[in-house]
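1. quick check, what structure comes out for this input:
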Amino acid sequence: MKQINLNKVIKIALGATLSILLAGTIGLMNSASAGIITLLTIQDTTKETIKISLKRIAAFAFAALLGIILFNLIGFSTITYGIFLFLFVGGCFLFQLQDGIAMNAVLATHYLLAQSISGTMLINEAGLLAVGAGIGTLINFYMPSNHKLICEVQESIETDLRKVLFRMAYFLQEENKARYNEHLFDELDRSIAFGHNEAYKNMNNTFFQESEYFIEYMEMRKHQCHILKEVYRKILSLEYVPEQAYHVSGYIEKIANSLKQSNNAVHLLEVEVDVEKTLRETPLPATRQEFENRAILFMILKEMELFLIVKKRFSDNLTKEQLEKYWS
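-> Numbers count the residues shown, from 1 in each chain. Down below sits the predicted model:
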């Protein structure tokens, strides 16, 4: 069952009520329409709300111009309103102003009911738009911070990554891999997807000191997760446990123990060079099976190197402000 966004529900109810009261207080006709405009204006994020409000202002100007031409030229009838809708809706789709269709279609009925599209009527409708969209935008400036939630998701992701890595290290040393299945990635995938969504909410509700850090972090972890799934498949393809597997297993365990947000992976990449050198210095394989399994181990090691390079690139691209804010 989808969880109710109580914050949004309260905003809609409070905002619509305030809009109707304000529109009535300043003497606007059809004041209830201001409440409907507020309801349509409030979105899940602050930036989305402002973007839609701007589109509705543009759509209002288009509807007013079209209404002046059609109603004055053809007359105030249902057929004229139908022609108005045909041209207005088509124009909104053409200029990507679909968010303004419902609201302005309602406002246009006021011209039809009043049998007038005078300057006074246009000012009244503009007032309803200003009150409804204005209060909707202002009330949506308050968005509860999800910074703490994202930090908790980051901790969860890193915990899940460590579990995945420790299991990899373990099963590299095990002949029987019957208990090694892909379900170990399920929780990690869910956490990354949830964190990615919350990161975009954070960015779209921030105007000052805006940072895309959390989005870039989630993208980095998502990339790393894809790499680990490839490592998982390679581990399953091993036919037995070569002696060299213990070196790779120990290296993966070292990565797991060192994994955290503020680790730039530089030291671990240096260790990888040593592990690779150790593998190259061992005696050459004597059989085809030994050769194939050694080749798989080498590929696993290079995948783990890529896993670390992804983190290093993320670290290298951070600004001084991001390092101080998120890594201190």
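2. show me where pLDDT drops low in the stretch 51-200 of the chain?
-> 142-145 (pLDDT under 70).
3. could I get the full set of helices for it?
-> 78-94, 101-114, 119-139, 147-171, 186-204 (DSSP state H, counting those that start in this stretch).
4. next one: the longest one to chain centre, how far?
-> If I follow you right, that is helix 147-171. 20 Å (C-alpha atoms, centre = their mean, to the nearest Å).
5. now it against helix 186-204, angle please.
-> Interaxial angle, helix 147-171 versus helix 186-204 (axes from the mean of the first three to the mean of the last three C-alpha atoms, to 10 degrees): 150 degrees.
6. re the thing from before, and of the helices of the stretch 51-200 of the chain, who's closest to T41?
-> Of all the helices of the stretch 51-200 of the chain, it is helix 119-139 that lies closest to T41, at 3.0 Å by C-beta to C-beta. Every residue, glycine included, has its C-beta placed from N, CA and C.
7. need the residues that contact that closest one.
-> 11, 14-15, 18-19, 22-23, 26, 28-31, 33-42, 49-50, 53, 56-57, 60, 64, 68, 103, 107, 110-111, 114 (C-beta atoms under 8 Å, 6 or more residues apart in numbering).
8. got a quick ChimeraX command for the buried subset of those?
-> One line in ChimeraX is enough to select the buried ones among the contacts of helix 119-139; burial here means 16 or more other C-beta atoms under 10 Å:
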select :11,15,18,19,22,23,28,29,30,31,33,34,35,36,37,38,39,40,41,42,49,50,53,56,57,60,64,103,107,110,111
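9. and for the closest residue in space to A58 that isn't next to it in sequence, the neighbour number?
-> Excluding the flanking residues, the one nearest A58 by C-beta to C-beta, 6 or more residues apart in numbering is L97, at 5.8 Å. Burial of L97 is recorded as 23 neighbouring residues (other C-beta atoms under 10 Å).
10. what about L97, distance to A61?
-> Distance, L97 to A61, using C-beta to C-beta, to the nearest Å: 10 Å.
11. next one: L228
-> Using C-beta to C-beta, we find L228 at a distance of 53 Å from A61.
12. can you check L301 too?
-> 63 Å.
13. one more: R313?
-> 46 Å.
14. between L301 and A61, which one's more packed in?
-> For the pair L301 and A61, the greater number of neighbours falls to L301 (19 against 14), based on other C-beta under 10 Å.
15. show me the contacts for the residue nearest to the more buried one when sequence neighbours are not counted.
-> Leaving aside its sequence neighbours, L301 sits nearest to V248 (C-beta to C-beta, 6+ apart; 5.5 Å). By C-beta under 8 Å, 6+ apart, the contact set of V248 is 172, 275, 279, 297, 300-301, 304.
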